[in-house]
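**Student:** I would like to see how this sequence folds:
(chains A, B, C and D)
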Protein chains: 4
Amino acid sequence: MHFASDNWAGAHPKIAENLTRHAGGFASAYGTGDLDRSVHQTFNTIFEREVAVFFVGTGTAANSLGQAAMARPGGITFAHREAHMIADEAGAPSFFTGGARVLPLDGATGRIDIANLKAAMNGFPPGHVHAGQPMSVSITQSTESGTIYELAEIAAISAVCKDNGLPLHMDGARFANALVSLGCTPAEMTWKEGVDILSFGGTKNGCWCAEALVFMNPEQAKDMPYIRMRSAQNFSKSRFIAAQFEAYFADGLWLETAAHANAMAAELAKLIGASKELRLAWQPRANEVFAIMKKQTSAKLQSSGAAFYDWFTPHAEKGLLEEDETITRFVTSFATTPEDISRFGDLIA
Amino acid sequence: MHFASDNWAGAHPKIAENLTRHAGGFASAYGTGDLDRSVHQTFNTIFEREVAVFFVGTGTAANSLGQAAMARPGGITFAHREAHMIADEAGAPSFFTGGARVLPLDGATGRIDIANLKAAMNGFPPGHVHAGQPMSVSITQSTESGTIYELAEIAAISAVCKDNGLPLHMDGARFANALVSLGCTPAEMTWKEGVDILSFGGTKNGCWCAEALVFMNPEQAKDMPYIRMRSAQNFSKSRFIAAQFEAYFADGLWLETAAHANAMAAELAKLIGASKELRLAWQPRANEVFAIMKKQTSAKLQSSGAAFYDWFTPHAEKGLLEEDETITRFVTSFATTPEDISRFGDLIA
Amino acid sequence: MHFASDNWAGAHPKIAENLTRHAGGFASAYGTGDLDRSVHQTFNTIFEREVAVFFVGTGTAANSLGQAAMARPGGITFAHREAHMIADEAGAPSFFTGGARVLPLDGATGRIDIANLKAAMNGFPPGHVHAGQPMSVSITQSTESGTIYELAEIAAISAVCKDNGLPLHMDGARFANALVSLGCTPAEMTWKEGVDILSFGGTKNGCWCAEALVFMNPEQAKDMPYIRMRSAQNFSKSRFIAAQFEAYFADGLWLETAAHANAMAAELAKLIGASKELRLAWQPRANEVFAIMKKQTSAKLQSSGAAFYDWFTPHAEKGLLEEDETITRFVTSFATTPEDISRFGDLIA
Amino acid sequence: MHFASDNWAGAHPKIAENLTRHAGGFASAYGTGDLDRSVHQTFNTIFEREVAVFFVGTGTAANSLGQAAMARPGGITFAHREAHMIADEAGAPSFFTGGARVLPLDGATGRIDIANLKAAMNGFPPGHVHAGQPMSVSITQSTESGTIYELAEIAAISAVCKDNGLPLHMDGARFANALVSLGCTPAEMTWKEGVDILSFGGTKNGCWCAEALVFMNPEQAKDMPYIRMRSAQNFSKSRFIAAQFEAYFADGLWLETAAHANAMAAELAKLIGASKELRLAWQPRANEVFAIMKKQTSAKLQSSGAAFYDWFTPHAEKGLLEEDETITRFVTSFATTPEDISRFGDLIA
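**Tutor:** Take a look at the predicted model:
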């Protein structure tokens, strides 16, 4: 019963197969080969415009190099308190930007509360040099809480960005999960609502190691080749990333794997909702389910072979728990099996 | 006729196959899984001691994070003028170390001249704060010129390091090529001669993307987990690197591919040496061959389908060329075929 | 009525006079002259041990270079939410440390609540590389709220540091004001209670520009000469700082100016406490007084010639204010006159 | 006989006096006071256009923050091998720019050889991401060798900058000495010949600590307030710098002190030229004189009370010396007395 994380899975068979298919032959290095160019073109098609695409090796790299591309001295990026950039990257965004800071904002179930965003931004009036200066806003889609920003919510945040002359970044480590959940197009979930820069993740959704930084306006990316090289993210045999993405996009595999993961999460949520000992912390929208249960129940389930994590209690949801309870996180992926779900269902019934 | 670079090849079939073999199943992430641990153990075996191993995604990452681990404020690393860290990493070593500098030293055919090393180090007397302070010495094995440091030469440089309290780093992007050329053990080529930190490259020798930073004394690596995380080089599905290394080391594949590449280079050198229009710039020792020819000959060969580069003339070898001549670089790899070599031989005969 | 800030004053006449006295003659540069050495000796005397002293130009420099000396990759420094390093340095501590972060902690009237400190530190368990690693704790004495850490409170925070192997830093931009308020010795307020590194400020208390970074254990300062040089804080005519400090310490001038500033603040507080329209936000202990009043009262007083600032409401004190009220900050200094105080008293009577 | 450095002197009496004059009273902090604004206006007048001026504390700060303002990822600044930024700042320019590098160029007597500049720039063709990208050119006026770039030479270098879309920086630590030597206006020596950014030094020419970064086009300085704050160079009692500059510029004091220093150097050069045991390394043009003599002569002169330094032999002038000879540096300043010169003359006669 593997619910620890979507990065505990390996690679989808079609991804692995395509790597093998491309293993032979010679191709010019550092992203200049035919396969790389072809995949760049696929990104253009998917996003319905010419975008600038930069392959990198990790989600942290995509986020941090994106920050570097937007960097301002004394810069402040606004993000949800649970954002990966704040909680899980050991300060990489500050490292790659010469000390810019990511300011934590609260908001229910992983989403920035727009009133909090506006209030925080007011703390940095133009010219008050001591405080630093706003530099960007970053949202995570789907969120670290397994929820989703509705298109209108993205638009509202984007409006604040425009009012303040700031770019809007989306951490799309689980982009596909959000996309199939909303049932919209990549263009609708990004630039049509004002997203400027996207960390596009493939790794959690079936790739080995395939992340891309996507600039909706290529002219904003003019320094990126040098930022990426200086940051040790320019892969010589770049086609190993391109080959993953090629298979990822072929015949809509990426949407299929994401839809599967989401469906597994929904099924899991249904079983948890029906359980007497567990309850849903909130309704999941993508491939992460958060459940509340007694600490001893969590321990018992884990010792019974269910792999999941006791999670920290999000700041905005502290009131949800009784003292002897814990909040727990379950993550599904392309590799989650219905058998695992039903075994877990039996366990908690 | 593919001699442009050893990173124009893809992956060795056994590497690709092993990735497929490990694509299924679940494993804990970020290098904590069984396969990662097993490969770490293989490194211990290969180096005949307990080493600390950190997988990273690029050779630039291995070099730069190694520098970060040795970083001193105002630091100076001494390296050959043609070192990858100086010529090919867009300043990454300075970026990752808060502004440490890599000082170029001259020396024939890619190797640091030890007199130059000592003289340069004298430019940084203890306490002369304005100049900065020595921080490390870095050698490249095999060198960017396709030559090799003899073990005694490594020992001599190491002695200078010890006298000055400096760690010795080896950029082993082509470690295996040097190893089979010298016919010694990894231990003999590293810590037994005083090497402290090694950038161990697998990518150029048959992997897709497998590099490791190896600390001969694990206690010097205590900050590395955080350095790597902060540097966006902590791969979630780290087993995709481990799987490559597993196949790389199995049954001595790595030595076999390196020996093949070196043999192809030797054969190429023989043909060039026998040619009337081309001559060897110097005797190759690993998998890179440098040849001097008329500029128009180079152009003609390239238009005839031979992929190689006109190279810059190394500082120490400026006297070798006539005005209408160019120096050219040919690189062989696991994927070089005898047919390509003989076709090229026909071309220049 | 000048209460805007203690850095709106110029220099104490004796400081200015001593600069003139030392303006002639030649002295070796960069802190190696006789006067510099003599002032270093005075620091030893004042702190009752051999300390390592580094003159720098600004309080931000002292704080940031101190952070750099303690830096760890992925590092986290714990400080009060209102600490200068968080609120007023545009991210300099993150810039100078390669992306270390200063984590805001809450606590009443500008002082870290020790329960919050422990709880926050628990968020960084050893080995959880994604979160980063604790690096230091920093307290401000006197605080940004004009209050004081009692010696026992410093000891308690220091104990948490020792338990976690962390150095304790004190931002002493208003060190002298705290010292005379507590009536203890510099040694008692620092290393005797476990402070390791001190930003020692002279500027706010009567100097033009005289700050020092003081290491209680000189061996922890071995990289500081290079950190300072690399950070552009190594002053060639360093004696201009030494001369200020010489006068500052001579005949206890520094304690006299701090005592004066504190006395002026106490008098101001008394008048505010007696006023019908204003009330003290909390009891001042040093040279800053925070008062609550109606917004229109604040505006009226300022238009009547009283220079002070409407302040942001500290997070821990949000409950103190009614909606139409504002919190205001008044700062006194060596240059504050009893006349200014009494004129203000008349205004609010 | 004080010829060690122009930073061994203290402050000119008129500078010291003006500091005293401004020590009283209150003024808004961080460069927003009346005096600061007035001095900014003086800069406009001196440069015959509206410039953006930022006071900083050291020449290294001016140079490094200027670099930061021009920074590009993977950036390369071209400077003479002996430039302060390369030889004397412990890597500060690389630190403040996220790892940009200052590339050393050779050229006779401290001046960049324009052929070398062009050749070096050709090593960084557009799009060759591994090498990095050109970022700026920096010249030192007067040079570290006490020579001067003629206006036509500045124009020629500026033309190369324009051809390559690069800004031109001038390290003017000894700006005034060059100015009076050329007998031109500040505008002529800077923007009229294409200089974009200037490190304007006051410290070596009679101030205690007064340096400024001057942007000829204020729109290029829009991030500078934040760069300066983040770099710990925003002085609270900024008027202590303003007061120095006020006196520095009043009645042409700065030109007078520079002219005096230059005249003293010329006199010294005349005596050295007439000596049998010493000879001029090259003709001085500003306030530094380089002399060649036997090593034992140098030792004897120093033990006779003459303070000067045995210097390193510049790369381009290695041929000038016999084996038992040394090159020595003598620096004059506003404080150099004719008596010191004539005493030294007697010594070497």
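**Student:** can you pull out the strands in the stretch 201-349 of chain A?
**Tutor:** A:211-215, A:279-280, A:288-294, A:309-311, A:325-331 (DSSP state E, counting those that start in this stretch).
**Student:** Tabulate the ones you listed (CSV), appending mean pLDDT, distance to chain D and mean neighbour count.
**Tutor:** No exception for glycine: its C-beta is placed from N, CA and C like everyone else's. Putting the strands of the stretch 201-349 of chain A into CSV (pLDDT from 0 to 100; distance: least, C-beta to the nearest C-beta, whole Å; neighbours: other C-beta atoms under 10 Å in any protein chain shown) gives the following:
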stretch, mean pLDDT, distance to chain D, mean neighbour count
strand A:211-215, 98, 14, 25
strand A:279-280, 97, 45, 14
strand A:288-294, 97, 35, 24
strand A:309-311, 95, 35, 16
strand A:325-331, 97, 35, 22
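**Student:** Of these, which is nearest chain C?
**Tutor:** Relative to chain C, the nearest member of those by C-beta to the nearest C-beta is strand A:309-311, separated by 12.0 Å.
**Student:** close to chain B, is the closest one?
**Tutor:** No: Strand A:309-311 lies out of reach of chain B by C-beta under 8 Å from any C-beta of the partner chain, never closer than 11.3 Å.
**Student:** again with stretch A:168-186
**Tutor:** No: Stretch A:168-186 is not in contact with chain B by C-beta under 8 Å from any C-beta; minimum separation 9.7 Å.
**Student:** about what we covered before: quick one, which of the strands of the stretch 201-349 of chain A gets closest to residue D:29.
**Tutor:** Residue D:29 lies closest to strand A:211-215 among the strands of the stretch 201-349 of chain A, at 40.5 Å (C-beta to C-beta).
**Student:** and the closest one, how far from the chain's centre?
**Tutor:** Mean-position distance between strand A:211-215 and its chain equals 12 Å (C-alpha atoms, centre = their mean, to the nearest Å).
**Student:** partners of that strand in the sheet?
**Tutor:** Here strand A:211-215 has these sheet partners by DSSP bridges: strand A:52-56 (antiparallel), strand A:197-201 (antiparallel).
**Student:** can you list the weak-confidence ranges in the stretch 101-250 of chain A?
**Tutor:** Along the stretch 101-250 of chain A, segments meeting pLDDT under 70 are nowhere present.
**Student:** which stretches of it form helices?
**Tutor:** A:114-122, A:151-163, A:175-182, A:186-189, A:224-230, A:239-249 (DSSP state H, counting those that start in this stretch).
**Student:** could those go into CSV alongside mean neighbour count and distance to residue D:36?
**Tutor:** Formatted as CSV, the helices of the stretch 101-250 of chain A follow (neighbours: other C-beta atoms under 10 Å in any protein chain shown; distance: least, C-beta to C-beta, whole Å):
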stretch, mean neighbour count, distance to residue D:36
helix A:114-122, 15, 28
helix A:151-163, 16, 32
helix A:175-182, 25, 50
helix A:186-189, 19, 49
helix A:224-230, 26, 36
helix A:239-249, 26, 53
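**Student:** Near chain D, which residues of chain A are found?
**Tutor:** Residues of chain A lying near chain D (C-beta under 8 Å from any C-beta): A:30, A:68, A:72-75, A:98-99, A:127, A:129-130, A:132-133, A:223, A:225-230, A:234.
**Student:** what's the neighbour count on residue A:184?
**Tutor:** Residue A:184 has 16 neighbours, counted by other C-beta atoms under 10 Å in any protein chain shown.
**Student:** My error: substitute residue A:32 in the last question.
**Tutor:** 11.
**Student:** same deal with the one 5 residues further on?
**Tutor:** Per other C-beta under 10 Å, the neighbour tally for residue A:37 reads 12.
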